[in-house]
Structures are given as C-alpha cells and as structure tokens.
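S.K.: give me the fold of what follows.
(2 chains)
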Protein chains: 2
Amino acid sequence: MTSEVILRHHDELAAIVGAANVLTGDAVPAKHVQDLWGSDRVGQAEIVVRPRTAAEVAQILKYCHEDRQPVVVQGGMTGLVSGAVPDAGEIVLSTELLGEIEPVDLAGRTVTAGAGATLADVQDAAARHGLLLPIDLASKGSATIGGCVATNAGGVNVVGFGMTRQHVRSLEVALADGQVLTLSTSLVKDNAGIDLKHLFIGSEGILGVVTRATFGLQPGAITRNGAFCAVADVDSALRLLGTLQRKLPGAVTAFEVIWDDAYRVLEPTGIRLPLPVGHPIYVLVECRGADPEGDAVRLAECVAEVEDDLLAAAVASNAKELAVFWAARERIPGEILRMQPLFGFDVSVPAGQLAECLHRMRAELTELWPAVKLLVFGHLGDDNVHIAVVTGETTRDRKPEVEHIVYRLVTNSGGSISAEHGVGFEKRSYLGYTRSEGEIDLMARLKALLDPHGILNRDRMIHWRGEPY
Amino acid sequence: MTSEVILRHHDELAAIVGAANVLTGDAVPAKHVQDLWGSDRVGQAEIVVRPRTAAEVAQILKYCHEDRQPVVVQGGMTGLVSGAVPDAGEIVLSTELLGEIEPVDLAGRTVTAGAGATLADVQDAAARHGLLLPIDLASKGSATIGGCVATNAGGVNVVGFGMTRQHVRSLEVALADGQVLTLSTSLVKDNAGIDLKHLFIGSEGILGVVTRATFGLQPGAITRNGAFCAVADVDSALRLLGTLQRKLPGAVTAFEVIWDDAYRVLEPTGIRLPLPVGHPIYVLVECRGADPEGDAVRLAECVAEVEDDLLAAAVASNAKELAVFWAARERIPGEILRMQPLFGFDVSVPAGQLAECLHRMRAELTELWPAVKLLVFGHLGDDNVHIAVVTGETTRDRKPEVEHIVYRLVTNSGGSISAEHGVGFEKRSYLGYTRSEGEIDLMARLKALLDPHGILNRDRMIHWRGEPY
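M.R.: Just a heads-up that it's a prediction; the model follows:
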C-alpha cells in the first residue's frame, strides 16, 4: 500500500536528501516503529528521511512547516517513553547519517559531534586522548548524542558528574521553520545573553531538532575503585554515601542501589554474584582517583568506617573484580525485562522519603494483586529509582491502575514522575502530577512560539493544542 | 520635585506593600541609583517598592503590566553592567525584604532562600551544617541570591563546581503578568517536561523576577590546601592545571591567574606578597580534600612534578598561609579600581588563544595610547579573564574605542564579550559580537512572549522592540 504521506512527500524529500535516503514501504527497517527495548506503543513508519547535514534537516523542516506536515525525530530509539515512535501520518526524520565526530579539541577539552553519533563512539573519541565524556548509559552503543541532549540523559554517573545538560557547551539546532542556530560557544563561561541551549536540552525534540553538540570533557580517571555492600535500609545506604562524599571529595562517580527482589533475578543466570542474595539492599559504589597505591586503601577505610551500617561488603581489589560488580548491576534490567508483563517506572523520590514511599506502594499494589512483585534498583545519590511492577496477571490491561498508584505515591512523597527517561507519549497524561498547570501552560506557549504548526514530535510531552489563535 | 511616576503609582503600590515600603524622593537611599562598585551609568530612583512576599511581587508586576509601567529589579547592586540601574520613569522593585532563609534540608542537602538573602548568609546557613554552597564571589556579602540566579553568577569556584546554574534545583519566579510559578523541584533528577528554570537563570530579569531559589549543596571540604606559583606563560599555567586535575581528580576548586602588571598593584599597599613581583604570570591554586595528613603532600608533589614549568612556587603549609594568598588575590580588583579612569572588561577567550589575544590587544591599544596599561587577572580554568585598560587619559570619552578593540579581538579569538558579568546596559550594543542575529532574535521573541509590554528590565541585554505586532 502506498500511503498518502508517501505519495505527497516522496519526491520533495528525495530532492533534498537524495532518493537513496528516503525509505518507504518494505525498505523501512523495523527499528523505526518501536522503542529499542520494546514499548506498548508500536507505530507506523511509512516514510523515513535521512538527512546528511544540518542544512538538509533545515530544508526538510521548512518544507514540513510550510506543509503543516508532522515529523518525528529518531536517534538510537533507546528512549523508554515512546517519544520517537511514529504516529500515523508522520514523516520519520532519522539522524543516523549525522554521525560525524570532529577531532577532539585538546586545548579546550571539548568534543563536537553530529546528532547521530552514538554516545559510545563519542566517548571513545575522547578516551583516545585520555579524556572522559562522563555520561554513561547501558544503551550507549545505540543511544545517539542528539537523543542524549534532547532527553537530558542521566545514567550511572550523575552522582559524580551531573546530567547531560551539565556537559553541553554548545548546540546546533534546526528550528521548525528551517532556521539553523548555533547556540552558545564551546567556552566554559559565556554569559552573553540568555543561554538558549538550555531551552532545547531535555525538551524531547518538541522545540527544535538538535543536529550537533559540543561537550566539555573531563580528565580520564587514573584509578577506578569500587565496593559492593549490603545494607539493611535506605538510611544506611545514605550514610555510606555521605561518608564517601565527605571523606573522598569529588571521588564518588557512581552509587547504585539494588533491592533484594531485583538482585535475585541474577540467581538463575549463573552470573557471579558479588555478595549472596538475601540482604535487603545492595550498593555498588565506584570512585575515581589518581593514586594507584592509596585510592583502594582509602575506599576500604571509608567502608570500614561505616561497618556498623554494613551487613556485608566486598571491596574490589582490581579492575576485574570491579567489572564483576558492574556485570551484575548491568545484567539486572535485561533480566527484569524477561518477566513480562511488567510495568516499568523511572521516578525520583527524595531519598529521605524513599523507604516509606516504596512501603506504601507495595502495600497498595498488594491489596489489588496479592502476589505482586516490586523490583527496585536505581541511582540513590540522585533520588532516582527504577521500579518494575509485576502484578502476576497475563495481560497489560490494568496498566493505568498500576500507573496511578505509583505516580500518585511518588507525587505525594515530593517526587517526580520522570527522573531521567522523560515524558514522551508514555507519561504525558501524568505530567500534571509533577508539573503545575502554569508550568505546562508555559511549555505549551514555548512550543507554539517555536513550532507554531506543531510539526515537531507533536503530542509528545504535552498535548498539541492546535494552531495558536 | 514630585515626579509623574510617583504621583501616579504611590498609592497603588502602598496598598500592596504598605506605605512604609514605598520610598520616594529624599527617602530613597543612594544605593538604588548606581552599581555598588560604581558605573558610568547613574540613574534616577524616584520610587522604590519593597515587597515582602512573592505574592506582593506578583501584585506589583500585574499592576505595572496592566499599566505598561516599566520596572527595574534590584538585588545587592553588585552587578557590573548597570543592569539594575534605573532608567528615567522606572519603578524600582527592591528584593531586600525577600530575605528569608529556610532551614537547611539535611536529608536532601538543599537550602531554599528568598531572592533578597545575601549569598554570604545562605553560605553561612549551609556551613552551619557542614555543607557548602559552592558559589563564591568577592561581593558575596552584598550580592543577593536572586541576583546570582538572574545573572548566572560565576566567581572563583567555577573550575571546581560550575556556575550558579549548576547549583539551582528549583526557582520561584513572578512573571510580568503577575503569575507566580514554582519551576522544577528540589530533586537532583527531574526530567518531567521542559526544565523551565533554565530559561530564567542568567536571563538578567528580563523574563521574570526570581523571588526564591533552592540550591543543591556539597559536603564541606575537610582540608583546603593551596599554592602560589609563578610561570612564564599561559601554556605553563595550563599544564599546571592539567596536571592538578589529572592527579587530584575533583580536588581543584580554584585556579586564579594574575599577570604581573595586575600583581604589581599590590606593591604600594604593603600587603604581604606570596611571591616577589617581576614574574610574567602568577597562579593561585586551591584544592579541597579530606585527608589532613596527605592532601598537602599530594599538592606539593603535583607542584614538584611540573617544576620545570615553574619560575617560583610557594605551597601553603597551613590555613593562615592560604589566607595570605587569597588576601593578595582579593585585594587586586579594588586596587585596580583606584586607577581611574579605567575601562574594565570581563571576557572569555579560549585558553589556548589567550596569550595571542592579549598580545594583539596590547599592540592595538598601544598604537592609540603609547602608555596604555593592561592589568589582567582571572579564572584560567574557565577561559575567563578580567582586563582593566588604563589608557592614561583623564576622561572616559574614548571608552567606545577601547571597547571596540577589546571586544573585536576577543570575538576574533572565539571568545565571548561576557564571561560572567552578563550584558545589562553596558554590553548591549556588543551582544552581536558574540551572539548571532538568530540568537538575539530568539531572545527577543522569548521576551515578547513572557513580557509582552516590556515592563521588566526593559532595554537591558536586548533592545526592547515595542509591543509585538
């Protein structure tokens, strides 16, 4: 079937990017219709256009803007909120050919790359010069830096280095009307006017298309040390974190927490477990340093200092042992994903409220599903947990009920319905739990200002209100 | 003389904030008409209104919005670009009564304060709990946190902790139309929609009035160590910085650089000099740590490692010696300010271009003023230098000529006309050196969206274009 979208736009788009870069019908790979890790929403990708330059992106947008033709922007499809899943009638704009990585600027310690470059490739480019782009995600081999910027990606290093936003120095963006802007500079400090790049970071592509980004880099760590500990409760974990951050200032780069139910998914895999199952909570700590003799000792001393809070602890004495800790941590999400149907949540809860919030959540869910399982892991230093709810039912029909319970309790605890995954389609109807009417209204007004015909990622994050009147 | 502004607005404003908080005529303190450290621009403050709550701020703005009455917002007046100097006919909105500091949230490690609280008072509130708000400015005793947020203040700790933006978790802002919004939460991670607070941070009050802010805090340092070094050139200083950041990851909290001409201003003061004058460039390094025995040794080892690059070095062996280093550094701006008339610049230049840029600047200025002096100091780790130009003339008449030379050369080197001081009135006509037409146009469109009558800090940063058509 040749759809109306294809018929109307094929030749115009081919004139911009070349016929080889307009895919239609059976030539469209399956990756374009769904989030990489699976999603409830499965879209249709009738026509995929692959621009090779920012100028081509701009031409496509200008054409669509004038034609009122909706466009969805796709990077590595590693999002988890269906933000890049195409809606019927949308043109898919894939950034995959915008993958150029420029030579690392060693004097300025920055790297610039096209939106389609993968995070892993950009990290590697930096690492070849002993430098670090400290954004680290399990999906870094597929996630693009355009997507990282558009979603303000988090990951396991936020406790040490902050979110993606913190590393962006400048952005090139194409606006809906076809204007290309370079926002800010590669300078550390640049207070010449409103720093417009921040409007686009984390805006999930509804205000413009990121085509290129420059990131500040950190010196690579000389030593990496880690410990895997078991604790009785969140408060003990927080005391461990507090001690580490006070005693080893600037050193803690990861502080991952895994509740026992989530840890137990590793048992059937046969993978080496850093500690036996059965403790309430596990913590994986990583610290950076530059003293090959002293750093491991200092970490061990810190761990020893809080030993009253620890039920068990393993300190990695070499890189291989640290890799074992990470292999366990990184295996967990994939194992949890096998327990379908499950409902996954990425939420923030103030760390001090977390234990109580999870307790209530378990209680409320158990009332409806007596055999419910909550598998919880996350980034405690960032107030961020991932919660997988397995109700034991065989269908996903009651997803809204689970969502309401989780998001209501998170909200009542002062948390956020989205810590790092964004909103997309998946959480749009819950945005009002975390954001006020005034905030959402301002987002909509910014959308209308920058994309008056609503062609960009329409209906993601916020409902498209139609043409401004 | 009772002006038209006073006659029209006094009673309406008094009804909002109480008559005692509307100052007019001789009751208006002199501080309201000029930047605290002096400025070419001296304004008129015919009427000053001092709201006590965000709701009162909102009522004032709503009234002015409906009346098309311009308002200028004032904090501690420590800005250096005349951004808060009142224009004729403006109402001065002073945040001085919005000074409440809420109890520090120890679990979340945040502090919340009203816009009028001084940075020093907020720092002190955090320090009483062993926590650090790592924004440090010479003017912290007067600078308000509202002003810090509105200007995205920098200071001496940016190399270690980033600009003010990085520490803001959430903001309360009053919009021009009288709406009060709380933007984001105190959570570390909150990707629920566009993070609107970033629109207001660094917007110099042209989009809304910051009435309250919540900041993330860091653990206070247990040790502070420092060194004062002399080097032959910028490259040597950069190698020192690179070594320190690699060998002491996360430890460097300040890296201040002073050129000899600026250092020499200390000689007549009789203050103790950490090193004798006569070396080309001086560097003050500070590192944080938590190991009272080891940290000083490690810093000394790093300094020793680059000794080939150093012409002289003094490592502080105790807090008193470190204080001597800082006393020298902090005395410099004040001494330079005595050399009137001088023209001061706050610019960014990519560190690798800095030496060449300063060389050209000196050459071009010397052609016009053979006895010209350039006094340079700044924050090398942040690409940021402050340049004082003393032409030797007795008037300020030729300021535009100096500005054109400095800003043109900075721009040609890939720098920014404003590193940390912002734009205000002072740099508005040079904004186009650093920002593109498209960027400035987008700033103006955001201004028109949020403040359609242009009542807020009108004509600061960007020229007010009049009512949108």
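S.K.: other SSEs contacting the longest helix seen in chain A?
M.R.: If you go by DSSP state H, chain A has its longest helix at helix A:319-337. Contacts defined by 3 or more CB pairs under 8 Å, 6 or more residues apart in numbering or on different chains; DSSP states H and E place helix A:319-337 against strand A:223-231, strand A:252-259, helix A:260-263, strand A:281-289, strand A:373-379. C-betas here are computed from N, CA, C, even on glycine.
S.K.: who's in contact with that helix?
M.R.: With CB atoms under 8 Å, 6 or more residues apart in numbering or on different chains as the contact definition, helix A:319-337 has outside contacts at A:37-38, A:138, A:224-226, A:228, A:256, A:258, A:262-263, A:265-266, A:269, A:271-274, A:284, A:286, A:314, A:316, A:342, A:344, A:375, A:377, A:386, A:388.
S.K.: tell me the mean pLDDT over it?
M.R.: The pLDDT scores in helix A:319-337 average 95.
S.K.: next SSE downstream of that helix?
M.R.: Using DSSP states H and E, the helix or strand that follows helix A:319-337 in sequence is strand A:343-348.
S.K.: hmm, who's touching that following strand?
M.R.: Residues contacting strand A:343-348 (CB under 8 Å, 6+ apart): A:80, A:336-337, A:382-391, A:396, A:399, A:402-403, A:406-407, A:410, A:415-421, B:185, B:187-190.
S.K.: so how far is the longest helix of chain A from its chain's centroid?
M.R.: 18 Å (CA atoms, centre = their mean, to the nearest Å).
S.K.: buried residues in that helix?
M.R.: A:Glu321, A:Leu322, A:Val324, A:Phe325, A:Trp326, A:Ala328, A:Arg329, A:Ile332, A:Pro333, A:Glu335, A:Ile336 (16 or more other CB atoms under 10 Å in any protein chain shown).
S.K.: narrow the contacts of helix A:319-337 to those that are buried.
M.R.: Among those, those classed as buried by 16+ other CB under 10 Å are A:37, A:138, A:224-226, A:228, A:256, A:258, A:262-263, A:265-266, A:273-274, A:284, A:286, A:314, A:316, A:342, A:344, A:375, A:377, A:386, A:388.
S.K.: which among the contacts of strand A:343-348 count as buried?
M.R.: Buried among the contacts of strand A:343-348 (16+ other CB under 10 Å): A:80, A:336, A:382-391, A:402-403, A:406-407, A:410, A:415-421, B:185, B:187-190.
S.K.: mind checking the SS state of the residue in the stretch 301-450 of chain A that chain B sits nearest to?
M.R.: Evaluated by CB to the nearest CB, the stretch 301-450 of chain A has A:Gly352 as its residue closest to chain B, separated by 3.3 Å. Following DSSP: H, G, I helix; E, B strand; the rest coil, the label given to A:Gly352 is helix.
S.K.: residue contacts, it?
M.R.: Taking CB under 8 Å, 6+ apart, one finds A:Leu238, B:Ala107, B:Gly108 in contact with A:Gly352.
S.K.: pLDDT score assigned to it?
M.R.: In this model, A:Gly352 carries a pLDDT of 91.
S.K.: how close does it sit to A:Glu437?
M.R.: Computed as CB to CB, to the nearest Å, the A:Gly352 to A:Glu437 distance reads 28 Å.
S.K.: number of nearby residues for the closest residue to A:Gly178 other than its chain neighbours?
M.R.: Excluding the flanking residues, the one nearest A:Gly178 by CB to CB, 6 or more residues apart in numbering or on different chains is A:Lys62, at 2.8 Å. The number of residues packed near A:Lys62 is 17, by other CB atoms under 10 Å in any protein chain shown.
S.K.: and A:Leu181, what are its phi and psi?
M.R.: In terms of degrees, to the nearest 10, the main-chain angles of A:Leu181 are phi -120, psi 140.
S.K.: just give the number of residues close to the closest residue to it other than its chain neighbours.
M.R.: Computed as CB to CB, 6+ apart, the closest residue to A:Leu181 that is not its neighbour in sequence is B:Gly438, at 4.7 Å. Per other CB under 10 Å, the neighbour tally for B:Gly438 reads 15.
S.K.: with the one 10 residues further on instead?
M.R.: Burial of B:Ala448, expressed as a neighbour count using other CB under 10 Å, amounts to 18.
S.K.: residue contacts, the closest residue to A:Val285 other than its chain neighbours?
M.R.: Distances taken as CB to CB, 6+ apart put A:Ala227 closest to A:Val285, at 4.9 Å, once the chain neighbours are dropped. Under the criterion of CB under 8 Å, 6+ apart, the contact list for A:Ala227 reads A:Val283, A:Leu284, A:Val285, A:Leu299, A:Ala300, A:Val303, A:Ala313, A:Ala314, A:Val315, A:Ala316.
S.K.: cool, A:Val159 as well?
M.R.: Neighbour list for A:Val159: A:Leu241, A:Val252, A:Thr253, A:Ala254, A:Phe255, A:His379, A:Gly381, A:Asp382 [criterion: CB under 8 Å, 6+ apart].
S.K.: just these that are near chain B?
M.R.: A:His379, A:Gly381, A:Asp382 (CB under 8 Å from any CB of the partner chain).
S.K.: surely the last one touches A:Gly154?
M.R.: Yes - counting by CB atoms under 8 Å, a contact exists between A:Asp382 and A:Gly154, whose distance comes to 6.9 Å.
S.K.: count the residues that sit near the closest residue to chain B within chain A.
M.R.: Closest residue of chain A to chain B, CB to the nearest CB: A:Gly250 (1.9 Å). Other residues near A:Gly250 come to 25 when the count uses other CB under 10 Å.
S.K.: spatially, which residue comes closest to it, not counting chain neighbours?
M.R.: The shortest distance from A:Gly250 to any non-neighbouring residue, by CB to CB, 6+ apart, is to B:Gly250 (1.9 Å).
S.K.: relative to strand A:281-289, how tilted is the longest helix of chain A?
M.R.: Angle, helix A:319-337 to strand A:281-289, by axes from the mean of the first three to the mean of the last three CA atoms, to 10 degrees: 140 degrees.
S.K.: can you give me the domain assignment for chain A?
M.R.: In terms of domains, chain A is parsed into A:4-94, A:110-219, A:223-334, A:339-424 (source: automatic domain parsing).
S.K.: as TSV, the contacts of A:Gly352 with secondary structure would be great.
M.R.: What follows is these, written out as TSV (three-state DSSP):
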residue	secondary structure
A:Leu238	helix
B:Ala107	coil
B:Gly108	coil
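S.K.: which single one of the residues you listed is nearest to B:Ala176?
M.R.: Using CB to CB, B:Gly108 is the member of the contacts of A:Gly352 that lies nearest B:Ala176, at 31.2 Å.
S.K.: okay, now that closest one: neighbour count?
M.R.: Neighbour count for B:Gly108, taken as other CB under 10 Å: 21.
S.K.: gap between it and B:Pro219?
M.R.: Computed with CB to CB, the distance linking B:Gly108 and B:Pro219 is 14 Å.
S.K.: ok, so what distance separates the closest residue to A:Asp261 other than its chain neighbours from A:Val389?
M.R.: Distance criterion CB to CB, 6+ apart; nearest residue to A:Asp261, sequence neighbours excluded, is A:Leu375 at 5.0 Å. Noted for A:Leu375: a distance of 8 Å to A:Val389, by CB to CB.
S.K.: A:Val111: what's it in contact with?
M.R.: A:Val111 sits next to A:Ile101, A:Glu102, A:Val104, A:Asp105, A:Val122, A:Ala125, A:Ala126, A:Leu131, A:Leu133, A:Thr214, A:Phe215, A:Leu217 when contact means CB under 8 Å, 6+ apart.
S.K.: weed out the non-buried ones from those.
M.R.: So, by 16+ other CB under 10 Å, the buried ones in those are A:Ile101, A:Val104, A:Asp105, A:Val122, A:Ala125, A:Ala126, A:Leu131, A:Leu133, A:Thr214, A:Phe215, A:Leu217.
S.K.: mind listing the helices for chain A?
M.R.: Using DSSP H, the helices of chain A run over A:4-17, A:54-67, A:119-127, A:145-150, A:158-161, A:197-200, A:234-247, A:260-263, A:294-305, A:319-337, A:354-368, A:399-412, A:431-434, A:437-450.
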